[in-house]
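Colleague: Predicted coordinates and the sequence they were generated for:
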Amino acid sequence: QVQLTESGGGLVPAGGSLRLSCVASARTLSTYSWGWFRQAPGKEREFVAAVNWNGGATTYTDSVKGRFTISLDNAKKTAYLLMDDLKPEDTAVYYCAVKSATSHQYYTEVYEYPYWGQGTQVTVSS
């Protein structure tokens, strides 16, 4: 069983920045692929960014490319999402997720991740 704890959300003006953190706690050591997703009111949860188990491969949804950066610190079992140049349309609850990694790939679909955090609210004012 893996528990994930997100932090770093808040209220920022358009053009501002936030860094989200997600810490994993697990009873056994393992390697994970990580993903960040978000869900705005009335919308489905959508993929934002993902990284493979060693941080060597990343992918982003088109709307955040060039503005968001996902990174990993395996020693701390922590993933980060640095969000720059935030826009009002980025407003959502942001969730991190992990999947035990058996290869060097990352994952972009909600159904692929068995473990999820509780979410952290990001609100961007115009």
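Modeller: Arrived safely, thanks for sending.
Colleague: Where does pLDDT dip in this structure?
Modeller: By pLDDT under 70, the weakly predicted segments of the chain are 27-29, 102.
Colleague: Strands of that one, residue ranges please.
Modeller: Here the chain has its strands, by DSSP state E, at 2-7, 10-13, 18-26, 32-39, 46-51, 58-60, 68-73, 78-83, 92-100, 115-116, 120-125.
Colleague: Comparing those, which comes out most buried?
Modeller: strand 32-39 (a mean of 24; mean count of other CB atoms under 10 Å). The way it works is simple: take the backbone N, C-alpha and C, and place the C-beta from them, glycine included.
Colleague: which residues are in contact with that strand?
Modeller: 2, 20, 22, 24, 45-53, 70, 72, 79, 81, 90, 92-101, 105-108, 110, 113, 119, 122 (CB atoms under 8 Å, 6 or more residues apart in numbering).
Colleague: could you check the angle strand 92-100 makes with that strand?
Modeller: 160 degrees (axes from the mean of the first three to the mean of the last three CA atoms, to 10 degrees).
Colleague: what bridges to the residue positioned nearest the centre of the chain?
Modeller: The residue lying closest to the centre of the chain (CA atoms, centre = their mean) is Trp36, at 2.3 Å. Counting by DSSP bridges, Trp36 is bridged to Ala49, Cys96.
Colleague: and Ser125, how far is that from Pro13?
Modeller: 5 Å (CB to CB, to the nearest Å).
Colleague: and what of Gln105?
Modeller: The gap separating Gln105 from Pro13 is 37 Å, by CB to CB.
Colleague: check contacts around the residue nearest to Lys43 when sequence neighbours are not counted.
Modeller: Of all residues not flanking Lys43 in the chain, Ala92 sits nearest, at 7.9 Å (CB to CB, 6 or more residues apart in numbering). Ala92 makes contacts with Arg38, Gln39, Ala40, Lys43, Val122, as judged by CB under 8 Å, 6+ apart.
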